[in-house]
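# pasting a predicted model and its sequence here:
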Amino acid sequence: MDEPPRSFLEELLSTSTPSGFETAGQRRWLEYVEPHADETRVDAYGNAVAVSEGDPDAPSIAVAGHGDEIGLMIRSITDDGFLKLARIGGSDRTVTKGQHVTVHADDGAVDGVVGQVAIHLRDAGSEEYDDIAEQYVDIGVEDDEAARERVSVGDPVTIDTGISELAGGRIAARGMDNRVGIWTAAEAFRRAAETDPEATVYAVSTVQEELGLRGARMVGFELDPDAVVAVDVTHATDQPDSPGDKASDVELGAGPVVGRGSANHPAVVEAVRTVGADSDVDLQLSAAGNRTGTDADAFYTASGGTPALNLGIPNRYMHTPVEVVDLEDLESAVELLAAVVSRAGEFAPFGVDI
C-alpha cells in the first residue's frame, strides 16, 4: 500500500469515534476527500458526503462506509471515584476487563483501566463474565469529587490499543469496523475522480451505524443515487475457534466479499461480479437471506427503493480490540469499486426484469 493512503488508514484507526461522538474522525475523512471533490457537505448529525460531478445524463453511484465504532460510556460515578459503565453499540463484555481505556472528557483525554479482580482472589471454577453495567473504570482518584473534576457522566470511553503489524500484510487494531469501510470509500472516490468518470460519484461516511443504521437512514433519502455500495467488515471465519454452525467460506486475503440476497440488488451484484472478473480482482460471496446487518439495509429502502450492495472486507475477531484485516483485501476493494464507477453506464439503469 502506498504511503499517503496507508498513513490515512492509520490516522483513521488512531482516532476514537464511538457512535454519537464521531466528529474527529469525520473531520479527518473530509480532509482526505476534499481535494478530489467538487463539493463536500455535512448534515446536522455529522454524516459526511463528497461529490464528484459527472455527466447529468450518466448514472450516479454512492460508495459508503460508517465512521463510528463501538465503545463504552460513563453511566455513573461511585462515592469512591470509580466510573460505572454503559455500552455504546455492541461492545463485548468478554474482552473489556483488564484493559487500558481512554475517557474522552470535555477537557481532554483521561487515562484509566477497567478493573479486574486478580486471579489469586477469584474463586477457581466459577469464572463468569460480568455484564458491562457491572464493570467499572479506575482513573486513580480517591473519591467522586476528584473524579468529577476530570470526567462527567455521558463521557465516551474507548479501549486504548495501538496498531500491530502482523505477518503477511495483515494488521490488527481496534475499530477496523468500520474505519476500513470509510477508508475504502474515500480511496475509491479519489481514484475514480482522478479518471474524470461520466458517472456522478458520492463518497459517504455515515454516523451511528452501530446503533441501528441511523446515519444511513438520514443521508439515504437526501442523496437518492442510482446505486449505492455500502462497504463494511464481514466475518472471516478461517480461525480455529469459529463455530461450525456459523462459519462461512470467507477468508482473509481472498478478496472482498459480495453479498447476495435481501438488500443486495441482483443487478448491482452482477455488475460488481462482472467488473471483478474483467479486472482479475478475486471476490468471495456471502449469503444474506434476511438482512446484511450493514448500512445497505437502510440505503436500499430509501427514496422508494435504491439498488444497493453490501461489499464486505474480511475481518477476524470483530468487536474486539484486536480486529485483523489483510491489506490486500482493502486494495482489491478499492480497485474493484473504482472500476465499477468508471463503467457504471454499462450497467445502468439498475433494475430487475419482470
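Cool, got the structure. Numbering: from 1, shown residues only.

# CA only for contacts and neighbour counts going forward, please
Fine.

# which strands and helices sit next to the strand or helix carrying residue 341?
Here residue 341 sits within helix 327-342, counting by DSSP states H and E. For helix 327-342, the elements it packs on are helix 176-194, helix 266-278, strand 308-315, judged by 3 or more C-alpha pairs under 8 Å, 6 or more residues apart in numbering; DSSP states H and E.

# what's the last one in contact with?
If I follow you right, that is strand 308-315. 176, 180-181, 227-236, 250-253, 255-259, 263-265, 268-269, 292, 294-296, 299-300, 323-326, 329-330, 333 (C-alpha atoms under 8 Å, 6 or more residues apart in numbering).

# residue 192 and residue 341 touch, don't they?
Yes - the pair residue 192 and residue 341 passes the contact test of C-alpha atoms under 8 Å, sitting 6.7 Å apart.

# low pLDDT regions in the stretch 151-300 of the chain?
244-247 (pLDDT under 70).

# just the strands in it please.
Per DSSP state E, counting those that start in this stretch, the stretch 151-300 of the chain carries strands over the ranges 156-159, 164-165, 170-173, 200-206, 227-235, 257-260, 284-287.

# show me what the third one is packed up against.
Of the remaining helices and strands, those touching strand 170-173 by 3+ C-alpha pairs under 8 Å, 6+ apart are strand 164-165, strand 323-326.

# contacting residues around the closest residue to residue 337 other than its chain neighbours?
Spatially, and ignoring its direct neighbours in sequence, residue 337 is nearest to residue 188 (6.0 Å; C-alpha to C-alpha, 6 or more residues apart in numbering). Contacts for residue 188 (C-alpha under 8 Å, 6+ apart) come out as 63, 334-335, 337-338.

# can you lay out those residues as TSV showing distance to residue 38?
Formatted as TSV, the contacts of residue 188 follow (distance: C-alpha to C-alpha, whole Å):
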residue	distance to residue 38
63	16
334	20
335	22
337	19
338	17
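
# output those as CSV; include the columns pLDDT, distance to residue 35 and neighbour count.
CSV is the format used below for the contacts of residue 188 (pLDDT from 0 to 100; distance: C-alpha to C-alpha, whole Å; neighbours: other C-alpha atoms under 10 Å):
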residue, pLDDT, distance to residue 35, neighbour count
63, 98, 17, 28
334, 98, 18, 23
335, 98, 20, 20
337, 98, 19, 24
338, 97, 17, 27
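
# give me the distance between the residue nearest the centre of the chain and residue 311.
The C-alpha lying nearest the average C-alpha coordinate of the chain belongs to residue 178 (C-alpha atoms, centre = their mean; 1.4 Å). Distance of residue 178 to residue 311, computed by C-alpha to C-alpha, to the nearest Å: 12 Å.

# if we can go back for a sec, which of the strands of the stretch 151-300 of the chain is buried the deepest?
strand 200-206 (a mean of 29; mean count of other C-alpha atoms under 10 Å).

# excluding chain neighbours, what is closest to residue 339?
Spatial nearest neighbour of residue 339, chain neighbours left out: residue 275 (6.8 Å); criterion: C-alpha to C-alpha, 6+ apart.

# which residues are in contact with the one you found?
336, 339-340.

# what do you get for residue 260?
266, 269, 285-289.

# widest-spaced pair of those residues?
Pairwise distances across the contacts of residue 260 peak at 14.4 Å for 269 and 289 (criterion: C-alpha to C-alpha).

# between those two, which is the more surrounded one?
residue 269 (20 against 12; other C-alpha atoms under 10 Å).

# and the contacts of the helix holding residue 341?
Against helix 327-342 from outside (C-alpha under 8 Å, 6+ apart): 1, 61, 169-171, 180, 184-185, 187-189, 191-192, 195, 197-199, 201, 252-256, 271-272, 275-276, 279, 281-282, 313-314.

# list buried residues within the residues you listed.
61, 170-171, 180, 184-185, 187-189, 191-192, 197-199, 201, 252-256, 271-272, 275-276, 281-282, 313-314 (16 or more other C-alpha atoms under 10 Å).

# relative to residue 150, which of the helices and strands packed on helix 327-342 is closest?
Per C-alpha to C-alpha, nearest to residue 150 of the helices and strands packed on helix 327-342: helix 176-194, 28.9 Å.

# now the angle from that closest one to helix 327-342?
On the basis of axes from the mean of the first three to the mean of the last three C-alpha atoms, to 10 degrees, helix 176-194 is oriented at 40 degrees to helix 327-342.

# could I get helix 176-194 in CSV with only the CA atoms?
Once non-C-alpha atoms are left out, helix 176-194 reads as follows in CSV (Å, rounded to 0.1, in the frame of the first residue of the first chain):
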residue,chain,number,x,y,z
MET,A,176,-11.4,-1.8,11.8
ASP,A,177,-15.2,-1.9,12.0
ASN,A,178,-15.5,0.3,10.2
ARG,A,179,-12.5,2.5,9.5
VAL,A,180,-11.6,0.2,6.7
GLY,A,181,-15.0,0.9,5.1
ILE,A,182,-14.7,4.6,5.1
TRP,A,183,-11.1,4.3,4.0
THR,A,184,-12.2,2.2,1.1
ALA,A,185,-15.0,4.7,0.2
ALA,A,186,-12.6,7.6,0.3
GLU,A,187,-9.8,5.9,-1.6
ALA,A,188,-12.1,4.6,-4.3
PHE,A,189,-13.6,8.0,-4.6
ARG,A,190,-10.1,9.6,-5.0
ARG,A,191,-9.0,7.1,-7.7
ALA,A,192,-12.3,7.3,-9.6
ALA,A,193,-12.3,11.1,-9.5
GLU,A,194,-8.8,11.3,-11.0
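
# since that was my last question, I'll sign off now.
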